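K.L.:
only the shape, not the letters, is given here:
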């Protein structure tokens, strides 16, 4: 059961050593100075916002005491920090300077958190292992789980760390024997599914993960009793096994330090995760875009003012003889001067250049579209199906790169290792990872809970720390719980941190229909949604050979990659290939001309490639020469290859399995019409699925999804144009 710690408030009649939690006079003064500095930075930003010199402000007021105390306990540059936007005092205590914070407020190019790309208070600093924070609520929890898993991974696999250090941004590949991971959020964030998914994984693996939940009673305007059942998150989480739980007055820095010290020690001793529920205040509105007077009555705001950590701690220091009133005023005057100087310097700082907009959308290192990823296949062995080629390629890469870890739902042979003596093993619902756990062990190949957001979030946390996770989403149809982790975190991390952090994870996804019985929830396409995500490479091979080359490129490149594996193609005999060797790669953004032709170009990909081949054979018998271009890579796509084909045939069809409207083919058709209009002898035509869902009965599926007959009919109409 969870370990409980009662609320601890300062008692003036306690012995001094207990009351001060063993903290020296200098440390107590440092605590107050950091708390006051945090508040004055908030006030300075508010002033600048009202003068229209900055563009947004969200404060940490009321949260300073417990976060400053946590800053004393965490080790900057050793522990890993996943803060939330009210952790200003924590970041100051770890080493972030007032100037660096105000550079973020003005959006300066020199802002170390984002180079002026994110709102202020979205902390990030590589020197102190403060991982770039987004605006999304609760996404940080599962990423912190992945970071904590990396701690155990580096301990179990000593070759992984030096390999990670050789990769781009290798300086982020750090590991210390007693490091822990800190993650924080407001009480409102605990309503997010990722919070509960993270607790489940952290407790199951006994990870060294410390949660700080800063409960100021509101999620913007929604009070805690509406946000949280029973009004107390610490009561709700008590059933998690092995979770140390402490509830504390977060406006008292000494109480916060005492609770934090117990929790930090619990994690450092590898006893499991810990959670501190700190009751804090929010004396200012949620942000300057909010007005708390609209939902807080005056009596409530006055009661909060009496709990203000600054005035409480200043009074405590005077009563305890640590500082007198003049010394406090002198300290505050020094801080006021420091903040004014930092503000003046920030206002004089240069803004980011417009030319920098595209910098760090993708990695500047190891361009996967370059000739460096062109390698000749050295075919040998018996022909393999696409699904067999996935396992073979992963096996090769894992054999020499210890950074690679494979996980997802059902990907292991058997989670209960003792069963492997008696059973063949699962290895994925399609057998794409069969035998990998048996060969590389359960720390490198393992099953996860059925929680797609958690799978991607954990991959992000691991990749940020230098590992190379290959995560599987079992069916594309169920990827949607992970959408925010993919769109707002995975593909944005490098850009939003201005290249300070990265997460080049590989996400394998089984996709598509033509299954005869797949129905609504096992036949979906929707690749255009992910090609619409800058920073993410999206590829969709149609042959076993291409799977080998593109999966290896995905693993070896420095960008996040989504590898879409069409389920219908997994075991087809027509796309099999001998194994191309351990160094075979295919550059992204380079299409494959499946069949040369002169009369019409069919631009396609995925399972429709073979249907286009069937149609082209019939058209050839009818005297029409069709060229088939298999894109293979969807983002980036081979625009030069498309142009070359259209300039040769002057007629073009874009064929794809997804629904016709608003799909991937619409963008290609629009661009061809826009940029190659003078080359066309007929309008661009699209062939795609109907704008509905895939039916279960085969004759419904056949009618809904595009077929070879549609290609033949459309080509003949184009030829008559």
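P.N.:
Cool, got the structure. Remember, it's a predicted structure, so these values are computed and weren't measured experimentally.

K.L.:
contact partners for residue 53?
P.N.:
106, 347 (C-beta atoms under 8 Å, 6 or more residues apart in numbering). Quick note: C-beta positions are derived from backbone N, CA and C, even for glycine.

K.L.:
for the closest residue to residue 663 other than its chain neighbours, give its distance to residue 554.
P.N.:
Of all residues not flanking residue 663 in the chain, residue 528 sits nearest, at 5.2 Å (C-beta to C-beta, 6 or more residues apart in numbering). Residue 528 sits 19 Å away from residue 554, going by C-beta to C-beta, to the nearest Å.

K.L.:
tell me which of those two has more neighbours.
P.N.:
A count of neighbours by other C-beta atoms under 10 Å puts residue 554 above the other of residue 528 and residue 554, at 28 against 19.

K.L.:
quick one: the more buried one and residue 564 touch, right?
P.N.:
No. Applying C-beta atoms under 8 Å as the test, residue 554 and residue 564 come out as separate, 11.0 Å apart.

K.L.:
common neighbours of those two, please.
P.N.:
Joint contacts of residue 554 and residue 564 (C-beta under 8 Å, 6+ apart) are residue 539.

K.L.:
any chance you could map the helices in the stretch 251-400 of the chain?
P.N.:
Counting by DSSP state H, counting those that start in this stretch, the stretch 251-400 of the chain has helices at residues 253-268, 298-306, 309-319, 325-347, 386-400.

K.L.:
lowest average confidence across the ones you listed, which one?
P.N.:
Mean pLDDT values for these show the minimum at helix 298-306, a mean of 88.

K.L.:
for this protein, longest helix please?
P.N.:
helix 25-50 (DSSP state H).

K.L.:
next, the angle from the following helix or strand past it to helix 309-319.
P.N.:
Next helix or strand after helix 25-50 toward the C-terminus (DSSP states H and E): helix 64-73. For helix 64-73 against helix 309-319, the angle between stretch directions is 70 degrees (axes from the mean of the first three to the mean of the last three C-alpha atoms, to 10 degrees).

K.L.:
what's the first helix or strand after helix 64-73?
P.N.:
strand 80-82.

K.L.:
show the average pLDDT along that following strand.
P.N.:
pLDDT averaged over strand 80-82 gives 98.

K.L.:
other residues contacting that strand?
P.N.:
74, 90, 94, 123, 128-131, 133, 140-141, 143-144, 147-148, 151, 179-184, 465.

K.L.:
for stretch 359-366, same thing?
P.N.:
168, 372, 494-495, 497-499, 502, 504, 534-535, 537, 556-559.

K.L.:
among the residues you listed, name the ones in helices.
P.N.:
Per DSSP H, the contacts of stretch 359-366 map to helices at 494-495, 556.

K.L.:
would you turn the residues you listed into a markdown table with pLDDT and distance to residue 296?
P.N.:
Shown next, in a markdown table, are the ones in helices among the contacts of stretch 359-366 (pLDDT from 0 to 100; distance: C-beta to C-beta, whole Å):
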| residue | pLDDT | distance to residue 296 |
| --- | --- | --- |
| 494 | 98 | 40 |
| 495 | 98 | 37 |
| 556 | 97 | 54 |
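
K.L.:
which of the residues you listed tops the neighbour count?
P.N.:
That'd be residue 494 among these, by other C-beta under 10 Å, with 26 neighbours.

K.L.:
lowest confidence element among the helices and strands of the protein?
P.N.:
Ranked by mean pLDDT, DSSP states H and E, the weakest helix or strand in the chain is strand 3-5, scoring a mean of 42.

K.L.:
can you say which of the helices of the stretch 251-400 of the chain is packed in most?
P.N.:
Ranked by mean neighbour count, the helices of the stretch 251-400 of the chain are led by helix 253-268 with a mean of 23 (mean count of other C-beta atoms under 10 Å).

K.L.:
so which residues make contact with it?
P.N.:
Residues contacting helix 253-268 (C-beta under 8 Å, 6+ apart): 3, 5, 7-10, 19-21, 23, 31, 35, 65-66, 68-70, 72-74, 178, 180, 208-210, 212, 244, 246, 248-250, 272-276, 278, 309, 313.

K.L.:
ok, and the closest non-adjacent residue to residue 60?
P.N.:
residue 88 (3.8 Å).

K.L.:
ignore the last one, residue 567
P.N.:
In space, residue 567 is closest to residue 510, 5.0 Å off (C-beta to C-beta, 6+ apart).

K.L.:
ok, now how distant is that neighbour from residue 588?
P.N.:
20 Å.

K.L.:
between the two, point out the one with more neighbours.
P.N.:
residue 588 (26 against 23).

K.L.:
who touches that one in this structure?
P.N.:
368-369, 373, 537, 539, 550, 553, 557, 633, 636.

K.L.:
tell me the pLDDT at it?
P.N.:
Residue 588 is given a pLDDT of 98.

K.L.:
that older thread, compare the helices of the stretch 251-400 of the chain and give me the one nearest residue 221.
P.N.:
helix 298-306 (12.4 Å; C-beta to C-beta).

K.L.:
now do the buried residues in the longest helix of the chain.
P.N.:
Using 16 or more other C-beta atoms under 10 Å as the test for burial, helix 25-50 gives 28-46, 48-49.

K.L.:
picking up where we left off before, possible to save the contacts of residue 588 as TSV with distance to residue 691?
P.N.:
Listed next are the contacts of residue 588 as TSV, based on distance: C-beta to C-beta, whole Å:
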residue	distance to residue 691
368	33
369	33
373	37
537	28
539	26
550	30
553	34
557	35
633	26
636	27
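
K.L.:
need the contact list for residue 288.
P.N.:
By C-beta under 8 Å, 6+ apart, the neighbours of residue 288 are 46, 49, 56-58.

K.L.:
any chance of CSV for those residues, columns pLDDT and distance to residue 107?
P.N.:
Formatted as CSV, the contacts of residue 288 follow (pLDDT from 0 to 100; distance: C-beta to C-beta, whole Å):
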residue, pLDDT, distance to residue 107
46, 96, 16
49, 95, 12
56, 95, 9
57, 94, 12
58, 94, 15
